[in-house]
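Visitor: Fold the following and give me the result.
(one chain, ligands or ions: 1)
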Amino acid sequence: MNIKRLLGIDTRADRYAYTVDPVAGFVSSQRAAERWVATTCGYCSVGCGMFVGVRDGKAVSVRGNPDHPVNRGMLCPKGLSEHYTLSADNRARYPLLKRDGRQERVSWTDALETMAATFRRIQAEHGPGAVGIISTGQLVTEEFYTLGKLAQIGLGTPNYDGNTTLCMATAVSGYKRSFGSDGPPGAYEDFERADVILLIGANIADNHPILCRRLEANPDTTLIVVDPRVTKTAMIADLHLPIRPRSDLALVNGLIHILIAHDRIDRGYIERHTSGFEALRDSVREYTPERVSEITGLPVDTLYRTASIYAGARAALIAWTMGVNHSSKGTETVNAINNLALITGNIGRPGAAPFSITGQCNAMGTREAGAASCLPGYRKFESASDRAELAALWNVDVERIPTARGLAYPDIIEAALDRRIRALWIIATNPIVSFPNFGVLNQALGDLDFLVVQDGFHPTPTSSLAHLVLPAAIWGEKEGTYTNSERRVSKVNRAVDPPGEARADFDIFLDVAAALGVRDQLFPGWSVPGDAFEEWKAVSAGRLCDYSGMTYEAIEEHGGIQWPYPQTATNPTNARLYSNGLFPTDDGKARLLPVAWEPFPEQPTDPFPLVLNTGRTVEHWHTRTKTGKVPILERLSPHAWVEMNPRDAKAFRLAAQDRVDVVSRRGRIRDVELRLTETVAPGQIFVPFHYAEANANLMTQSAFDPISREPNYKQSAVRVERTAR
Ligand code: SF4
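Guide: Modelled structure (predicted):
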């Protein structure tokens, strides 16, 4: 400490001085902006509108946009501190190429020529599919559209998927099976208009905080929260159903059983707009309240009470997130949810919908435009007419459009393990921390001939392994659009320049296309994201996710526009889907699908007697490559912990704040703080999945939904033991 500080003369005025901002009022002078740039939050799928304050070419603050229909000026802690991510010291600044085991700085020209030549050589030697691509939900839609075309037509590899398969693939598959297409039917407005809201496996108070505020605007609703933990969301519920892990499908089937048995269903809606009712009715006969009580651990009268509340609703919303999706029965659980909504006519009306709450800021964009799990515009690989239509729009031979989806993310990793995939291009994701069963993933990446990691941050646990690192611009440094959970397309704008030689992913994709010799054919005359947006609008025209009536200007003016836009005879409103009861299936009817509960794959037994549940916390984002460098968030939640019920702690002779290891058949995390809490039921523990140094995926298993390929992240059998000193 200097002498002036000791004497109290130095008051650090530069650090603590205040000033008056014409818009924000009294603010720290460090946060006073010269100009404000309107944009959309780059973390979660709520899609809050915000302004980035810029001074001297640096982002100095963020404030919520009071006129934005999603958040009405509010932001959560991550959004409020998002500008810190732009100047973090772990930003990737220069292309790096591994030589003699060391990553060395190279020019963009060398980087891209090396990448193109290596990809082409590997494809020539091992086939086009020997190059795989794993992308993200973090890019703008214009970039997803460009990358999809580049992957499928330019590189000619079908083995392209996104990390969205780790979070939302289950909802996608569930929607496709029930309704004939992906696309969340509901809207945020439904949280304010429903008189019953059933949240299943959705801790929105931590994970979608501003969406949670919508509940406050509807004080008359009855909120039912289904979750094994007493989460912050469960604490505000009128009725919390603390089910046993992964018994949600049995619960929903049981509710359907009660509603059918007591004729509390909408027979008119079922008759006019669904098929398969008889098979569904037969399939739920065995889900008697007594059996469902045994499976879920809920009393029989609670099941009747829940069914009665739901059936008595004028408009009921069912929303879910990872508690449903992260399951090897996830897709079928989504189908059960859709069944419940359909047989009660709770879809397509204000306040009435089954509604998946997405994770990443633009997971929706890659689903719509990305050409990974479907062709752009929700076109089907297996549909000859969809392929012909797309080929005509792209002006390419129809033979170049793949007839089947390539490998999904977990299958790309499997293919890398057995050397069918030799090169991998990973974009804006950190699988070393986020993919289940670390040991398998680590071996797969280690076996690759060539690993390219394109990211805004370096080093990350994944980029540290790369043969080639491509530095990318992030939120705040580039332009385009994000689509949020309610299908609202919002504008993303550039506030500051990216650091060093980092470039927008859009520019990198065009440069890779040029290095591969396909830029002029695939992207003629393109130079800005608006070029991709215009082509995507034409490709989406007439589809469920129709953007064709949108312009950047109109999107900005309205605080985002929900698709389909414009509305059509088959989609008469863009607020919610299926308001006319017409579904994009062959007969125009939604499908009621019989689905069966089964126990989760790895049951707890000695020496692994506990069930591990993983999840998120409000302060952090995914693997902390962003939030780990935001001082206020890091100070609030600097390290991982384990939550355990006090009765279990007593049985295992553990105490609060002990340092413990958590061990599964596959690995262990070491030296983590033990927290005792009644919010976790006996027999279970909870670990946040954000922390690389206590990577929950050292313990998770290689079990996947057979339909969506989404991992069963939850319900691993573990034990907890005091850390050896
Ligand atoms: S709720 Fe989501 S979109 Fe809104 S500010 Fe927070 S992280 Fe950003």
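
Visitor: how close does the most centrally placed residue in the chain get to the ligand?
Guide: Of all residues in the chain, the one closest to the mean position by C-alpha atoms, centre = their mean is Gly359, 2.8 Å from it. With distances defined as C-beta to the nearest ligand atom, to the nearest Å, the gap from Gly359 to the ligand amounts to 10 Å. Backbone N, C-alpha and C define where each C-beta goes, glycine included.

Visitor: same check, this time on Pro242
Guide: Distance of Pro242 to the ligand, computed by C-beta to the nearest ligand atom: 26 Å.

Visitor: so what's that residue up against?
Guide: Pro242 makes contacts with Asp227, Pro228, Arg229, Val230, Ala234, Gly297, Leu298, Ala681, as judged by C-beta atoms under 8 Å, 6 or more residues apart in numbering.

Visitor: got a pLDDT number for the spatially closest residue to the residue nearest to the centre of the chain that is not a sequence neighbour?
Guide: Computed as C-beta to C-beta, 6 or more residues apart in numbering, the closest residue to Gly359 that is not its neighbour in sequence is Cys167, at 4.2 Å. Confidence per residue is given as pLDDT, and for Cys167 that number is 86.

Visitor: Can you give me every residue that contacts Cys167?
Guide: Applying C-beta under 8 Å, 6+ apart, we find Cys167 in contact with Gly137, Met322, Asn325, His326, Thr358, Gly359, Gln360, Ala363, Glu710.

Visitor: Give me the neighbour count for whatever residue of the stretch 401-550 of the chain ends up closest to the ligand.
Guide: Here the stretch 401-550 of the chain gets closest to the ligand at one residue, Asn484, 7.8 Å apart by C-beta to the nearest ligand atom. Counted with other C-beta atoms under 10 Å, residues neighbouring Asn484 total 28.

Visitor: separation between it and Ala315?
Guide: Going from Asn484 to Ala315 by C-beta to C-beta, to the nearest Å gives 22 Å.

Visitor: same deal with Ile413?
Guide: 42 Å.

Visitor: Likewise for Asn613?
Guide: Distance of Asn613 to Ala315, computed by C-beta to C-beta: 31 Å.

Visitor: Looking at the two, which is more packed in?
Guide: Neighbours per residue, other C-beta under 10 Å: of Asn613 and Ala315, the larger number sits with Asn613, 24 against 18.

Visitor: who's the more buried one bridged to?
Guide: In this structure, Asn613 has beta-bridge partners Phe686, where bridges are defined by DSSP bridges.

Visitor: follow-up on the earlier one: test my guess that the residue of the stretch 401-550 of the chain closest to the ligand contacts Gly560.
Guide: Yes: applying C-beta atoms under 8 Å as the test, Asn484 and Gly560 come out as touching, 7.4 Å apart.

Visitor: Show me the common contact partners of the two, please.
Guide: Common neighbours of Asn484 and Gly560 are listed as Gly47, Val70, Ser490 (criterion: C-beta under 8 Å, 6+ apart).

Visitor: near the ligand, which residues of this structure?
Guide: 41, 43-44, 46-48, 71, 75-76, 78-79, 208-210 (C-beta under 6 Å from any ligand atom).

Visitor: Closest one to Lys478 out of those residues, please.
Guide: Taking C-beta to C-beta as the measure, Lys478 lies nearest Cys41 of the residues of the chain next to the ligand, at 14.5 Å.

Visitor: Phi, psi for that closest one please.
Guide: Recorded main-chain torsions at Cys41 are phi -60, psi 140, according to degrees, to the nearest 10.

Visitor: what's it in contact with, if anything?
Guide: Cys41 is in contact with Gly47, Cys48, Gly49, Met50, Leu75, Lys78, Gly79, Glu82, Cys361, Trp475, counting by C-beta under 8 Å, 6+ apart.

Visitor: I'd like to know the beta-bridge partner residues of the residue lying closest to the fifth one once chain neighbours are set aside.
Guide: If you skip the residues right next to it in sequence, Leu75 has Gly64 as its closest partner in space, 4.4 Å away by C-beta to C-beta, 6+ apart. Per DSSP bridges, the residues bridged to Gly64 are Met50.

Visitor: top of the contacts of Pro242 by neighbour count?
Guide: For the contacts of Pro242, neighbours were counted using other C-beta under 10 Å, and Pro228 has the most, 28 neighbours in all.

Visitor: So in this protein, which strand runs the longest?
Guide: strand 668-676 (DSSP state E).

Visitor: for it, packing partners?
Guide: Taking 3 or more C-beta pairs under 8 Å, 6 or more residues apart in numbering; DSSP states H and E as contact, the helices and strands that strand 668-676 lies on are strand 641-644, helix 646-651, strand 659-664.

Visitor: Which residue ranges of the stretch 201-350 of the chain form strands?
Guide: Secondary structure of the stretch 201-350 of the chain (DSSP state E, counting those that start in this stretch): strands at 222-226, 239-241, 274-275, 316-320.

Visitor: any chance of the ones you listed in JSON lines, plus mean neighbour count and distance to Ser540?
Guide: Converted to JSON lines, those look like this (neighbours: other C-beta atoms under 10 Å; distance: least, C-beta to C-beta, whole Å):
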{"stretch": "strand 222-226", "mean neighbour count": "22", "distance to Ser540": "35"}
{"stretch": "strand 239-241", "mean neighbour count": "20", "distance to Ser540": "39"}
{"stretch": "strand 274-275", "mean neighbour count": "20", "distance to Ser540": "27"}
{"stretch": "strand 316-320", "mean neighbour count": "27", "distance to Ser540": "26"}
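
Visitor: In CSV, list those strands along with distance to Lys626 and mean pLDDT.
Guide: Conversion of those to CSV gives the following (distance: least, C-beta to C-beta, whole Å; pLDDT from 0 to 100):
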stretch, distance to Lys626, mean pLDDT
strand 222-226, 28, 98
strand 239-241, 32, 98
strand 274-275, 43, 98
strand 316-320, 25, 97
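
Visitor: Of all these, which one is nearest Ile421?
Guide: Of all the strands of the stretch 201-350 of the chain, it is strand 316-320 that lies closest to Ile421, at 32.5 Å by C-beta to C-beta.

Visitor: which residues touch the closest one?
Guide: The set of residues external to strand 316-320 that reach it, using C-beta under 8 Å, 6+ apart, is 171, 186, 190-191, 194-202, 204, 310, 334, 337, 340-341, 344, 346, 351-357.

Visitor: In helices only, show me the residues you listed.
Guide: The subset of the contacts of strand 316-320 located in helices under the criterion DSSP state H comprises Ala171, Asp190, Phe191, Ile204, Tyr310, Val334, Ile337, Leu340, Ala341.
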